[in-house]
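Visitor: Sequence first, then the predicted structure, then my questions.
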Amino acid sequence: MSTYVGRFAPTPSGALHAGSLVAALASWLDARAHGGRWLVRIEDMDGPRTAPGAEAEVLRQLQALGLVPDETPVRQSERGALYANALQALRDADRAYPCGCTRREIETELAAMGQPAQRGAEVVYPGTCRNGLNGKPARAWRLRCGDQTNVAWHDRRLGAQQQDVTHAVGDFVLQRADGPWAYQLAVVVDDAAQGITHVVRGEDLADNTARQIHLQRLLGVPTPIYLHTPLVLDARGQKLSKSNGAPALDVRDALTVLRKAALALGLAADSATTPAQWLQQAAAAWRVRWTV
């Protein structure tokens, strides 16, 4: 039996749209092509972004398309103890520290250093609280990145990747000021706890990978193999997303929906007449192209 374990991890801020389906389909095909297991993890850590009924609708859409997980989906909102244990391990190793800075204070400090924040660009934390809060109350917990943070990794589609986390991002947040666990910590802990061996997700998340690999190394957990899929763009050339008003996917004609998603993945048209038959053929085509 294959040791492959993959996952799809939607945020329940709304129903699946054409862009999120591409990532879901690619991760499912990769798992099936490797003869492995495919899991679904609901990333509902950010309460205000969670839309009522969205989780149930996402799972209904997946099932209607034949993308059924091999285990009962888990929710990040129920896994806080795992994240707390990981943060404590980093604190014990002097790799995490409390931060009292607001975003405005960080941007003001960077501007005074001649590094004004650019719209849409990463705000590199200057390390203000690295050696103490200086009388400010603690608001968040940050990772003490250190000097050895030049992370090189290989993406199955994008090829060789590299990022110096300290200089590109700075000491990033592990637990936010308003309480929720940060995405970077939660995803690393969850992937390790679920035994994820392969991560297939959208290219918009590729920039997060170096941070996650750095955390994996500090926590002593395995690093999965990564593949980042092409983004689906709208008519304006922007990434199709819920925040940009992407319409919910109508899955009543499952075969047509799957074929459209396949185009973004470079899978050719086929002669299948049912969704199940199409998925079987698509997995075989994926196996030829992407198995490692």
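Guide: Arrived safely, thanks for sending.

Visitor: Show me the residue sitting in the middle of this protein in space.
Guide: Residue closest to the mean C-alpha point of the chain, counted by C-alpha atoms, centre = their mean, is Leu205 at 5.7 Å.

Visitor: Which strand or helix spans the nearest residue to that residue once chain neighbours are set aside?
Guide: Counting by C-beta to C-beta, 6 or more residues apart in numbering, His228 is the residue found nearest to Leu205 once chain neighbours are left out, at 6.7 Å. All C-beta spots, glycine's among them, are computed from the backbone N, C-alpha and C. Using DSSP states H and E, His228 sits within strand 225-229.

Visitor: Could you check how far the strand or helix carrying Ala186 is from the centre of its chain?
Guide: Assigned by DSSP H and E, Ala186 belongs to helix 183-193. In this view, helix 183-193 has its centroid 9 Å away from the chain centroid, taken as C-alpha atoms, centre = their mean, to the nearest Å.

Visitor: What helices and strands are in contact with the helix or strand following that helix?
Guide: With elements assigned by DSSP H and E, the helix or strand that comes after helix 183-193 is strand 198-202. Applying 3 or more C-beta pairs under 8 Å, 6 or more residues apart in numbering; DSSP states H and E, one finds that strand 198-202 makes contact with strand 5-8, helix 18-33, strand 225-229.

Visitor: Let's see that with 10 Å instead.
Guide: strand 5-8, helix 18-33, helix 183-193, helix 209-219, strand 225-229 (3 or more C-beta pairs under 10 Å, 6 or more residues apart in numbering; DSSP states H and E).

Visitor: what's the angle from the last one to strand 198-202?
Guide: For strand 225-229 against strand 198-202, the angle by axes from the mean of the first three to the mean of the last three C-alpha atoms, to 10 degrees is 20 degrees.

Visitor: tell me the mean pLDDT for strand 225-229?
Guide: The predicted model gives strand 225-229 an average pLDDT of 98.

Visitor: again, but for the second one
Guide: Computed over helix 18-33, the mean pLDDT rounds to 96.

Visitor: Could I get the average pLDDT for the next helix or strand after that helix?
Guide: Using DSSP H and E, the helix or strand that follows helix 18-33 in sequence is strand 37-42. Confidence for strand 37-42, expressed as mean pLDDT, is 98.

Visitor: do the same with stretch 232-247
Guide: On average, stretch 232-247 scores 74.

Visitor: I'd like the numbering to begin with 36 instead of 1 from here.
Guide: Sure, I'll start numbering at 36, so the last one becomes stretch 267-282.

Visitor: Could you tell me the end-to-end distance of that stretch?
Guide: From its first residue to its last, stretch 267-282 covers 13 Å (C-alpha to C-alpha, to the nearest Å).

Visitor: Next: stretch 176-191.
Guide: 33 Å.

Visitor: With stretch 71-87 instead?
Guide: Start-to-end span of stretch 71-87 (C-alpha to C-alpha) is 32 Å.

Visitor: same question, stretch 235-247
Guide: In stretch 235-247, first residue to last residue: 14 Å (C-alpha to C-alpha).

Visitor: Helices of the stretch 136-285 of the chain, start to end?
Guide: 138-147, 200-203, 218-228, 244-254 (DSSP state H, counting those that start in this stretch).

Visitor: Would you mind writing the CA trace of the third one as PDB?
Guide: Included here for helix 218-228 are C-alpha records, laid out as PDB according to Å, rounded to 0.1, in the frame of the first residue of the first chain:
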ATOM      1  CA  TYR A 218      -1.900  30.000   9.300                       C
ATOM      2  CA  GLN A 219       1.800  29.200   9.200                       C
ATOM      3  CA  LEU A 220       1.900  27.400  12.500                       C
ATOM      4  CA  ALA A 221      -1.400  25.600  12.100                       C
ATOM      5  CA  VAL A 222      -0.700  24.200   8.700                       C
ATOM      6  CA  VAL A 223       2.700  22.800   9.700                       C
ATOM      7  CA  VAL A 224       1.300  21.200  12.800                       C
ATOM      8  CA  ASP A 225      -1.700  19.700  11.000                       C
ATOM      9  CA  ASP A 226       0.400  18.400   8.100                       C
ATOM     10  CA  ALA A 227       2.700  16.700  10.500                       C
ATOM     11  CA  ALA A 228      -0.100  15.300  12.700                       C
END
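
Visitor: Would you mind listing the buried residues in that helix?
Guide: By neighbour count on 16 or more other C-beta atoms under 10 Å, the buried set for helix 218-228 is Tyr218, Gln219, Leu220, Ala221, Val222, Val223, Val224, Asp225, Asp226, Ala227.

Visitor: Nearest to Asn120 among those residues?
Guide: Val224 (8.2 Å; C-beta to C-beta).
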